[in-house]
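Asker: give the three-dimensional model of this entry:
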Amino acid sequence: MVILIVRYGEVAIKGPSTRSRMERLLAHHINTGLRALGIDSRIERSQGRLFVEVSDDRVKESVDLVSRVFGVKSVSPARAYKFNNLNDLVNIAVKEWGGLVRGRTFAVRVHRVGKHEFTSMDVAKVVGAALKPMSNGVNLERPDIELFMEIRNDIAYLFTDIVKGPGGLPLGSEGKLLALISGGFDSPVAAWFMMRRGSYVDALFCSLAYPVDVINFLRVAHALFSKWSIGYDPRLFIIDCSKIVSEFRAKVNPHLWNVLFKRVLYEVGARVARSINALGLITGESLGQVSSQTLHNLMAIEHGIDVPIYRPLIGLDKDEIMEYAKMIGTYEESMRTEEFCAIFSERPRTKVSPEELNAEAAKLSPGLIDELLSTMIILRVSSAVNVINVLSQGLGDSDLEVNDIPSNAVIIDLRSRDDYEAWHYPGAINVSPEELMKVVDSLGRDKTYVLYCSKGLTSRWGALELRRLGIKAFSISIDRLRGLK
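Answerer: You can find the predicted model right below:
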């Protein structure tokens with residue numbers, strides 16, 4: 001058997017009752033995660049450490065999992081030996097490490113807990129002296145290999161690897177929060193930061209272009225939570241927000257679309273948070289990153305929202321956020337996520353007052369929030385892959401995205417009028433998303449339609465909507481169209 005030495009940082013400096021509670025949570029999450037992998041384990045607690053016993057053939061998997069448990073500062077796979085005296089320690093070290101130091105420089109690092117007739121330095125000296133003839137010598141500054149010995153009473157743990165963990169506090173030690181996750185880079189990273197500080201995190205997604213954007217969200221959510229939410233299977237709340245598109249475009253000042261969308265999302269999120277006893281919302285906002293994230297607009301957006309808003313990324317820049325996304329494993333999936341650009345302003349306001357935003361919100365249909373919430377479905381992260389597969393199959397033919405324009409096709413540009421006039425494919429018709437069905441009905445459902453937009457999400461959504469009505473429709477990348485021209 002191999003013993004995993006699990007170290008934790010700030011948990012160890014908590015008061016006795018809090019520390020004991022957090023250690024139990026930490027052990028529970030480790031045990032739950034290992035059990036999910038089919039790995040039998042036995043865990044003991046001892047003075048700032050957890051000792052996890054696993055079989056030799058599952059060490060790599062076990063270390064990988066434990067190093068992703070929040071609260072874990074580091075983990076080392078070790079061999080445990082009982083000893084009686086200093087000479088026993090020397091013999092154990094030679095047996096364990098004699099072959100490892102051959103042809104290499106080394107350093108011995110010793111940590112000791114308990115009462116002994118020797119010091120940590122004494123052990124390092126005699127073990128180093130015994131190993132030196134087998135090696136290329138001792139190098140305490142830059143050795144080829146470091147040899148660690150942790151002595152606890154009459155047991156010595158020998159190891160060579162220290163695998164860094166995420167640190168922070170055990171998941172669930174600080175209650176529950178609801179993350180507003182878009183599927184882009186920022187919001188999953190924000191959720192990760194609050195998980196690292198001990199919060200169970202569920203996620204809310206507002207779908208504007210079902211099912212394409214839901215698939216993107218589920219992929220990002222699965223990448224985040226399946227890797228890091230060990231010991232808790234988060235709930236995913238998915239709401240059909242497509243009605244917002246027609247409401248905004250028909251009733252709201254277009255320069256305030258971005259800000260008002262956030263306000264509506266906050267109101268929806270606050271309602272869901274209260275229903276699940278979450279203690280606040282998490283957002284991925286970074287100060288000044290985009291127009292809706294200026295100080296003025298953030299104040300206007302959260303005006304009247306009666307749950308706390310947590311913004312762990314507020315002081316980070318985009319490059320820093322992207323590096324975190326790579327580290328936590330959401331970067332690749334977020335790269336695939338596209339914006340539904342139909343309700344994002346071209347010339348957004350950066351200084352909207354609460355009063356202005358309230359006035360625009362008053363233009364929306366009464367009961368809009370209730371209507372949005374009535375569409376909500378709830379999934380667990382553990383079911384996300386199955387749902388992704390079902391939705392992907394439901395996309396229909398694999399030819400939704402085309403590289404060339406079929407003969408006699410009607411080409412529809414779903415971008416803004418300004419973008420259309422700046423450049424459009426010859427012969428393309430400029431149509432707003434909410435007018436798409438009406439225009440197609442007037443032109444004839446027997447025709448073939450090819451749609452494009454700025455990023456691709458709106459055009460794929462439009463093509464899918466048309467296909468659901470039995471109309472032959474495709475989406476094409478605007479970059480591909482420019483090449484064809």
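Asker: how about G280, nearest residue that isn't a chain neighbour?
Answerer: Closest residue in space to G280, ignoring its immediate chain neighbours: P308 at 3.6 Å, by CB to CB, 6 or more residues apart in numbering. To be clear about C-beta, it is placed using only N, CA and C from the backbone, and glycine gets the same treatment.
Asker: again, but for G470
Answerer: G470 sits nearest to R445 (CB to CB, 6+ apart), 7.3 Å away.
Asker: same question for the longest helix seen in the chain: list its buried residues.
Answerer: For the chain, the helix with the greatest residue count under DSSP state H is helix 16-36. Neighbour-count burial for helix 16-36 flags 19, 22-23, 25-27, 29-31, 33-34 (criterion: 16 or more other CB atoms under 10 Å).
Asker: which residues touch that helix?
Answerer: 6, 8, 11-14, 40-41, 43, 45, 50, 52, 54, 62, 65-66, 68-72, 169-173, 230-232 (CB atoms under 8 Å, 6 or more residues apart in numbering).
Asker: pull the contacting residues for L65.
Answerer: Contacts of L65 by CB under 8 Å, 6+ apart are 30, 33-34, 37, 230.
Asker: next, the angle from the helix or strand harbouring it to helix 16-36.
Answerer: Using DSSP states H and E, the element containing L65 is helix 59-66. Angle of helix 59-66 versus helix 16-36, following axes from the mean of the first three to the mean of the last three CA atoms, to 10 degrees, is 130 degrees.
Asker: show me the shaky parts of the stretch 251-400 of the chain.
Answerer: 338-346, 394-398 (pLDDT under 70).
Asker: which stretches of it form strands?
Answerer: Applying DSSP state E, counting those that start in this stretch to the stretch 251-400 of the chain gives strands spanning 281-282, 309-310, 377-380.
Asker: okay, these in JSON lines with distance to V402 next?
Answerer: What follows is the strands of the stretch 251-400 of the chain, written out as JSON lines (distance: least, CB to CB, whole Å):
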{"stretch": "strand 281-282", "distance to V402": "39"}
{"stretch": "strand 309-310", "distance to V402": "42"}
{"stretch": "strand 377-380", "distance to V402": "31"}
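Asker: so which of the ones you listed is the most packed in?
Answerer: Burial among the strands of the stretch 251-400 of the chain, expressed as mean neighbours by mean count of other CB atoms under 10 Å, is greatest for strand 281-282, which shows a mean of 27.
Asker: parallel or antiparallel, list what pairs with that one.
Answerer: Its sheet considered, strand 281-282 pairs with strand 176-180 (parallel), strand 309-310 (parallel) by DSSP bridges.
Asker: what's in contact with the longest one?
Answerer: The one in question is strand 176-180. Taking CB under 8 Å, 6+ apart as the rule, strand 176-180 contacts 187, 190-191, 194, 199-204, 206, 237, 265-266, 269, 272-273, 276-284, 310.
Asker: rerun that using 6 Å as the cut-off
Answerer: 191, 194, 199-204, 269, 273, 278, 280-283 (CB atoms under 6 Å, 6 or more residues apart in numbering).
Asker: which other helices and strands contact the very next helix or strand once past it?
Answerer: Using DSSP H and E, the helix or strand that follows strand 176-180 in sequence is helix 186-196. Helix 186-196 makes packing contacts with strand 200-207, strand 281-282, helix 318-328 when contacts are defined by 3 or more CB pairs under 6 Å, 6 or more residues apart in numbering; DSSP states H and E.
Asker: much appreciated, bye for now.
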